[in-house]
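Student: model this:
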Amino acid sequence: MLPRNATVRDFDRLTARVLDSATRRSGCRLDAYREDDTFHIDIDLPGVDPAGIDHRVDGNVLTIRATRNPERLRLVDGPDPTGTCTRQVALSDSLDTDRLEARYDNGVLTLRIPIVESPAPHQVEIDLPAAA
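Tutor: Residues are numbered from 1 along each chain as shown. Take a look at the predicted model:
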């Protein structure tokens, strides 16, 4: 028998959450990848009115919120749920979120964020006082 301390309870909760989410279709799947000098995020949002998609960047956190319309879902295969879908993504400092581009096509929201090149490391000269 395992001891029932906080660590074991936390592990039990995490396992239950992972197994539960593996069997449930959220319809809000997210893929993130880098292509050349651009970071891409693709989010599946079937049955969503493009006008109802809200994306915001607060600090380094990107939040996407969209509401599914039951009427539009009749055109989509599968038992996708209705309601609000929210995803949050922690972004790197190397992304230029001021130039973020968003496009919604065929139920997929695609975000393109340019990558800002960080300056190359270089040696700094230190001035030392002259010996007396």
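Student: show me where this structure has strands.
Tutor: Using DSSP state E, the strands of the chain run over residues 30-35, 38-44, 54-58, 61-68, 83-90, 101-105, 108-114.
Student: could these go into CSV alongside distance to Pro129, mean pLDDT and mean neighbour count?
Tutor: Glycine gets a C-beta too; all of them are placed from N, C-alpha and C. Listed next are the strands of the chain as CSV, based on distance: least, C-beta to C-beta, whole Å; pLDDT from 0 to 100; neighbours: other C-beta atoms under 10 Å:
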stretch, distance to Pro129, mean pLDDT, mean neighbour count
strand 30-35, 47, 92, 11
strand 38-44, 47, 93, 18
strand 54-58, 47, 92, 12
strand 61-68, 47, 89, 18
strand 83-90, 45, 86, 13
strand 101-105, 53, 93, 12
strand 108-114, 45, 94, 18
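Student: could you dump these to CSV with distance to Val124?
Tutor: What follows is the strands of the chain, written out as CSV (distance: least, C-beta to C-beta, whole Å):
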stretch, distance to Val124
strand 30-35, 30
strand 38-44, 30
strand 54-58, 33
strand 61-68, 33
strand 83-90, 31
strand 101-105, 37
strand 108-114, 28
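Student: to Ile126, which of the ones you listed lies closest?
Tutor: Nearest of these to Ile126, taken as C-beta to C-beta: strand 108-114 at 35.2 Å.
Student: for that closest one, name the packing helices and strands.
Tutor: Taking 3 or more C-beta pairs under 8 Å, 6 or more residues apart in numbering; DSSP states H and E as contact, the helices and strands that strand 108-114 lies on are strand 38-44, strand 61-68, strand 101-105.
Student: CA atoms only for the longest one, dumped as PDB, please.
Tutor: Spelled out, it's strand 61-68. The C-alpha coordinates for strand 61-68 follow below in PDB (Å, rounded to 0.1, in the frame of the first residue of the first chain):
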ATOM      1  CA  VAL A  61       1.200  35.000 -22.300                       C
ATOM      2  CA  LEU A  62      -0.900  34.600 -25.400                       C
ATOM      3  CA  THR A  63      -4.600  33.800 -24.600                       C
ATOM      4  CA  ILE A  64      -7.000  32.600 -27.300                       C
ATOM      5  CA  ARG A  65     -10.700  32.500 -26.500                       C
ATOM      6  CA  ALA A  66     -13.400  31.400 -28.900                       C
ATOM      7  CA  THR A  67     -17.100  30.400 -28.700                       C
ATOM      8  CA  ARG A  68     -18.500  27.600 -30.800                       C
END
